[in-house]
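K.L.:
output the structure for:
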Amino acid sequence: MSPTARGVAGGVARRVQTRLQRLARGLVAHLTAHLKAHVVAHAMASLVAGLLVWGAMSSAQAAKAPSASADPALEAQVLKISAELRCLVCQNQTIADSHADLAIDLRNQVRSMLQQGQGKDQIIQFMTERYGSFVLYRPPVNTSTWLLWFGPTALLVIAVGVFVWVLRRRARLAPDRFEPDPEEV
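P.N.:
Have a look, this model is predicted:
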């Protein structure tokens, strides 16, 4: 093959290669767009199915919940007492706010104790004896909870003291002890 024929064949081969690369990129882009559309459609279908299942489950849960309209005064007392008791599962929610099974059981226990004629103090004492003072959402001030009640205030006082000490110490330093500002250089 002559050098001229090789040059022409090489140019044709490069053009064919370039066209094939463009075609491959276009095909990949088309398939990617089609795949993205398919994935989005699948995700939407899954989301709708999940919402339907969630709705069915929540309506089933609502059917199990005791009727608050039966005795509004009793329910108000249950909520008031439940707001003072910590959910032992969630630990930073009251049993009035929690949807955990144990919280529901404890609310039902409070409700039944109120129906038996027990008062708020008796119910809280019963829960404290059974679960310890941890069940109280606002624990009492005693030797075991002293740090819980006064620790944050003590840390704040210490931090302010250290801040004032550092500021006073810096105020006594000579100006040449500090780095110059960028504008002054």
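K.L.:
surely residue 127 meets residue 135?
P.N.:
Yes - here residue 127 reaches residue 135: they are 5.1 Å apart, a contact under Cβ atoms under 8 Å. C-betas here are computed from N, CA, C, even on glycine.
K.L.:
now the common contact residues for those two.
P.N.:
Residues touching both residue 127 and residue 135 (Cβ atoms under 8 Å, 6 or more residues apart in numbering) are residue 85.
K.L.:
which one's more surrounded, these two?
P.N.:
Set side by side, residue 127 and residue 135 show more neighbours around residue 127, with 22 against 19, by other Cβ atoms under 10 Å.
K.L.:
quick one, what contacts that one?
P.N.:
For residue 127, the contacting residues are 85, 106, 135-136, by Cβ under 8 Å, 6+ apart.
K.L.:
so which bits of the helix or strand where it lies are buried?
P.N.:
Element membership for residue 127 (DSSP states H and E) is helix 120-131. Going by neighbour count (16 or more other Cβ atoms under 10 Å), the buried part of helix 120-131 is 123-124, 127-128.
K.L.:
between those residues, which is nearest residue 91?
P.N.:
Comparing the buried residues of helix 120-131 against residue 91 with Cβ to Cβ places residue 127 closest, at 15.1 Å.
K.L.:
the helix or strand harbouring residue 78 vs helix 120-131, what angle?
P.N.:
Counting by DSSP H and E, the element that carries residue 78 is helix 72-82. Interaxial angle of helix 72-82 relative to helix 120-131 (axes from the mean of the first three to the mean of the last three Cα atoms, to 10 degrees): 50 degrees.
K.L.:
mind exporting the C-alpha coordinates of helix 72-82 to CSV?
P.N.:
The C-alpha coordinates for helix 72-82 follow below in CSV (Å, rounded to 0.1, in the frame of the first residue of the first chain):
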residue,chain,number,x,y,z
PRO,A,72,-62.7,14.1,78.4
ALA,A,73,-61.9,14.9,82.0
LEU,A,74,-60.3,11.5,82.5
GLU,A,75,-58.3,11.9,79.3
ALA,A,76,-57.1,15.3,80.4
GLN,A,77,-55.9,13.8,83.7
VAL,A,78,-54.2,11.0,81.8
LEU,A,79,-52.4,13.4,79.5
LYS,A,80,-51.4,15.7,82.5
ILE,A,81,-49.9,12.8,84.4
SER,A,82,-48.4,11.2,81.3
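K.L.:
quick check: what element follows it along the chain?
P.N.:
Next along the chain after helix 72-82, taking DSSP H and E as the criterion, comes helix 101-115.
K.L.:
and the angle for the helix holding residue 78 with helix 101-115?
P.N.:
Angle between the axes of helix 72-82 and helix 101-115 is 130 degrees (criterion: the same axes, to 10 degrees).
K.L.:
show me what helix 72-82 is packed against.
P.N.:
When contacts are defined as 3 or more Cβ pairs under 8 Å, 6 or more residues apart in numbering; DSSP states H and E, helix 72-82 packs onto helix 101-115, helix 120-131.
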